[in-house]
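Chemist: Here you go, sequence then predicted model.
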Amino acid sequence: MSANNKTLSGFIKRHPDGFGFFIPDDKQHPDVYVPQQAMKSAMTNDRVEITAEKERDGRFRGEIVRITERSQKRVAGKYVKMNEKYGVIKDEGRGWGQDLKINTDQSKGAQDGELVEARINTFPDEGPFVGEVVEVIGDAKDPLNDIKRVAITQNIPEYFSKETLEEASHFAKNPTEKDFVGRTDLRHLPIITIDGATAKDFDDAILTEMTEEGFHLYVAIADVSHYVAVGTAMDKEAYERGNSVYFPNFVIPMLPEAISNGLCSLNPHLPRLALVCEMTFDFTGELKTSKFYEGVIESKARVTYGEAQELLDGAAGKSSMNHEVAKKLDHVKENIFRSSDLAKVLMAKRFKEGSLDLEVAETELVIDAAGEPVDVIKSQRLFAHRLIEEMMLSANVAVAKFFGQKEVPAIYRVHEEPAAEKIEMLQRYTHNMGSEGKISGGKLQKRLTRMLQEFEGKPEAQIIHILTLRSMSQAKYTHNNLGHFGLGFDFYTHFTSPIRRYPDLIVHRLIKKLIMPNSNYQLMTEEDLATAGTWLSATEQKAAKAERQIQAIKKARFMQKMLGDVFEGLVSSVTKFGVFVLLRQFNIDGLIRLDDLGNEKFEFDEENLTLTAPRSGFTYKMGDTLNVAVSMVDVEQGQINFVLEKDAKNAEAIGKRPTRRPEKRDSGSSRKSYAKEDSKFGKKKNHGGNNFGKGKPSSSRDEKAVTRPSFSKSGSKPTFSKDSRPIPFKESKSLIKSTPIVAPAAKPAGDGNYQPKPRYASLSDYLDQKKKGSNEETTISKPAFRSAENRQNTEKRRPASNDSGGVRKARPDKSGRKNKSR
């Protein structure tokens, strides 16, 4: 091996032409081009080791040394009968390198064109690429089978084991007096949950009071660790899953429904066990004190984001008061008003200290009972989402600082500063789009904020936010506290979502050992935490990939009805093989192939990401506005192609033309870079339904107003009016000084009705019900009659809870419940 060669570990992506690109575990190292003859039998997403050598042009070229782990052992696809002896599942861009052969006697009677689940029996490096059908799913074109196809493809478990379900069934439906022993009773407090309209697992509740010194905040998190003990079947399976996975109208949970939606969910007017983080802040938002303890709470209201927003808007005079909502929330309105006041102070402090505020448009898919997408709606965040985000972020920071003070090994949620070359690329892109400012130099977060502000209100703003997001590093879990670049925090972890995130469960167990040294909970070694961090980061990325894949498939189904229709869009990316255009109306992107850009020959400038026709001088660059027509839709691959408006009449015919292959060496140079889940700073994710994250609004309103403090005659001390008055969101970023005011006493709790949604035994049962007309979101609970290989967690105490956090607008804890905490 040459002195310039290095050995790297990571993942491989195989191109349909046979070559591939290696994505190293070391995110500071660039991707490596692997020619076809050096690919061996590696398939897309396989873990491999390679040797890589830097070439004269600065790029890396590599060769696969060995395949360390196969990414797929089961697959879903359309069975194509070749003859009486065998059929195949075609590669068709899956990155296998060849079709999977299935002998007829191993096909379970599958008919030509049916969707099947198959197990791979031998890989190409072991012999013929052969598999067998384990289940005939049905019509490959049926949209009700989309989720099952994705779950199989991404190796997401469909069922819980029999042992796990038996463990979950042994608990009573509600905690007993025995469970309350030794806990602080908070059932008299007007604590509430604020979640999406379709949420079913409520893992966090809040109460904010105002004092003469500032604010008093309670963040109560479901005490999952009380029920999920380390080493049990339920714990092992939760660790294997790592997190819940959220699809439109459907969720595959980390824990059985009896736990996630029942015993641990902070449902209204029921006693629930909680791990409480109690904090005090001054009027500048500075954390003064924090303490942690086991508690018992009783939520006094299940509030939706929309209801909280209507209450705040009505009180502020922004809209007429919804009297039905006002009546429902009358007994908890002071909690909501004071939480709003605190959130504005915390937000102002965070942004002043360098936290990035990336607004990337997201979409909600409206799915009918047949699984068909009937609408795609742009999500707009409400201030109510931000309110909960700030509460969760504060708790996550308080916990991380607690670990730091105790100097014990812990797991952190970290987001490292982006690589210098990515910032340089971002600088070039923004310069090409008209920016005059420099991103480099000084505190990077503040430079990025100035750049984002420069484009505020301009058509290119959305693309700039997307590009900034792509330049960010991937947030991850690790035992090394490296801080959180996007949020601007020196200490950060995930504490607030143990129902849906295993890292939060680890954090709860660590807290309990520290506050109760004589308990059965145990600390973890740095080695065990490092292993857990790597695994749980991988399961998070797998879930995000599955969620993206189902979004792409459903969006493709939606656009399939619009072949030939013309839309306005923005150029979101430029590649050697064409330009990607993001439709303004639906926030859906697609490709205009190079062949379809016109008769001229275009030259690709990789450094500046432009396509230029030398003869006419015409250039395509990011941020350009184009009118395009839908020309081709591939539902299975989730891909959409466009043509220019002038070709709209012939769009479908053009879409059927074969694509001219780009040069192999360069075709992957613009490998699609997806925004990483955690890079949307602070956004929370919903629990399914048509809202994908707690950071995603359940209505179309765009709330960008905050409460303006009123000032005394001296002008020195702001006070917060009982009925919050809105001011422009930008003004909230100025620091609010102190003032004394005592929060009014909360009114007695009112009646609340909690209607649990129907349960289903499995994904198959869910699909059957959908076909009969039910449109409920659900979770999976049918046992699997196969043994799951469970990773052993070396902790020798009862499990704790888990909470999430991230960088993008990841929802602080309620992130989603896609990502509730960042």
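Modeler: Great, that's in hand.
Chemist: so where do the helices sit in the stretch 1-150 of the chain?
Modeler: Secondary structure of the stretch 1-150 of the chain, counting by DSSP state H, counting those that start in this stretch: helices at 146-153.
Chemist: Tell me where it has strands.
Modeler: Assigned by DSSP state E, counting those that start in this stretch, the stretch 1-150 of the chain shows strands spanning 6-14, 20-24, 32-34, 47-54, 60-69, 74-81, 86-89, 100-103, 114-122, 130-139.
Chemist: would you list the ones you listed in JSON lines and tack on distance to Val571, mean neighbour count and mean pLDDT?
Modeler: Every C-beta, even on glycine, is put in place using the N, C-alpha and C of the backbone. JSON lines is the format used below for the strands of the stretch 1-150 of the chain (distance: least, C-beta to C-beta, whole Å; neighbours: other C-beta atoms under 10 Å; pLDDT from 0 to 100):
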{"stretch": "strand 6-14", "distance to Val571": "24", "mean neighbour count": "19", "mean pLDDT": "91"}
{"stretch": "strand 20-24", "distance to Val571": "23", "mean neighbour count": "23", "mean pLDDT": "93"}
{"stretch": "strand 32-34", "distance to Val571": "26", "mean neighbour count": "25", "mean pLDDT": "95"}
{"stretch": "strand 47-54", "distance to Val571": "32", "mean neighbour count": "19", "mean pLDDT": "93"}
{"stretch": "strand 60-69", "distance to Val571": "29", "mean neighbour count": "17", "mean pLDDT": "94"}
{"stretch": "strand 74-81", "distance to Val571": "33", "mean neighbour count": "19", "mean pLDDT": "93"}
{"stretch": "strand 86-89", "distance to Val571": "36", "mean neighbour count": "21", "mean pLDDT": "96"}
{"stretch": "strand 100-103", "distance to Val571": "37", "mean neighbour count": "20", "mean pLDDT": "96"}
{"stretch": "strand 114-122", "distance to Val571": "35", "mean neighbour count": "20", "mean pLDDT": "94"}
{"stretch": "strand 130-139", "distance to Val571": "37", "mean neighbour count": "18", "mean pLDDT": "94"}
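Chemist: To Gly486, which of those strands lies closest?
Modeler: Checking the strands of the stretch 1-150 of the chain against Gly486 by C-beta to C-beta gives strand 20-24 as the closest, at 21.2 Å.
Chemist: So for the helix ranked longest in the chain, mean pLDDT?
Modeler: Among the segments of the chain that qualify as a helix by DSSP state H, the longest is helix 526-560. For helix 526-560, the mean per-residue pLDDT is 95.
Chemist: That one: which residues count as buried?
Modeler: For helix 526-560, a neighbour-count test (16 or more other C-beta atoms under 10 Å) marks 528-533, 535-537, 539-547, 549-560 as buried.
Chemist: Kindly report the same for stretch 339-353.
Modeler: If you call a residue buried by 16+ other C-beta under 10 Å, then stretch 339-353 has these buried ones: 339-351.
Chemist: list the contacts for Ala410?
Modeler: 400, 403, 479, 481, 493, 507, 510, 529 (C-beta atoms under 8 Å, 6 or more residues apart in numbering).
Chemist: most neighbours, which of the residues you listed?
Modeler: Among these, the one with the most neighbours (other C-beta atoms under 10 Å) is Thr493, at 33 neighbours.
Chemist: related to what we said a few turns ago, distance to Glu603 added to the strands of the stretch 1-150 of the chain, as TSV?
Modeler: Below are the strands of the stretch 1-150 of the chain laid out as TSV (distance: least, C-beta to C-beta, whole Å):
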stretch	distance to Glu603
strand 6-14	26
strand 20-24	22
strand 32-34	21
strand 47-54	25
strand 60-69	23
strand 74-81	38
strand 86-89	39
strand 100-103	40
strand 114-122	42
strand 130-139	44
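Chemist: Show only the entries of the contacts of Ala410 found in helices.
Modeler: Among the contacts of Ala410, the members falling in helices (DSSP H) are 400, 403, 507, 510, 529.
Chemist: Out of those residues, the closest to Ile252 would be?
Modeler: Lowest distance from Ile252 to these (C-beta to C-beta) belongs to Val507, with 22.6 Å.
Chemist: Can you tell me the SS state at the nearest residue in space to the closest one that is not next to it in sequence?
Modeler: Once flanking residues are discounted, Val507 sits nearest to Phe495: 5.0 Å by C-beta to C-beta, 6 or more residues apart in numbering. Three-state call for Phe495 (DSSP: H, G, I helix; E, B strand; the rest coil): coil.
Chemist: Would you agree Phe495 is in contact with Arg509?
Modeler: No - look at Phe495 against Arg509 with C-beta atoms under 8 Å: they stay out of range, at 11.4 Å.
Chemist: Looking at those two, which is more packed in?
Modeler: It is Phe495, of Phe495 and Arg509, that has more neighbours when counted by other C-beta under 10 Å, with 37 against 31.
Chemist: separation between that one and Leu217?
Modeler: Between Phe495 and Leu217 the computed distance is 14 Å (C-beta to C-beta, to the nearest Å).
Chemist: can you check Ser473 too?
Modeler: Note on Ser473: its distance to Leu217, by C-beta to C-beta, is 30 Å.
Chemist: between these two, who's got more neighbours?
Modeler: Taking neighbours as other C-beta under 10 Å, Ser473 and Leu217 compare with Leu217 leading, 25 against 20.
Chemist: Quick one: mean pLDDT over the helix or strand hosting the more buried one.
Modeler: Using DSSP states H and E, Leu217 sits in strand 214-222. In this model, strand 214-222 has an average pLDDT of 98.
Chemist: Mind giving me the packing neighbours of the helix or strand that that strand is followed by?
Modeler: Counting by DSSP H and E, the element after strand 214-222 in chain order, helix or strand, is helix 233-241. Contacts defined by 3 or more C-beta pairs under 8 Å, 6 or more residues apart in numbering; DSSP states H and E place helix 233-241 against strand 160-161, helix 162-169, helix 502-515, helix 526-560.
Chemist: want to throw those into JSON lines with distance to Glu298?
Modeler: Below are the helices and strands packed on helix 233-241 laid out as JSON lines (distance: least, C-beta to C-beta, whole Å):
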{"stretch": "strand 160-161", "distance to Glu298": "29"}
{"stretch": "helix 162-169", "distance to Glu298": "23"}
{"stretch": "helix 502-515", "distance to Glu298": "20"}
{"stretch": "helix 526-560", "distance to Glu298": "32"}
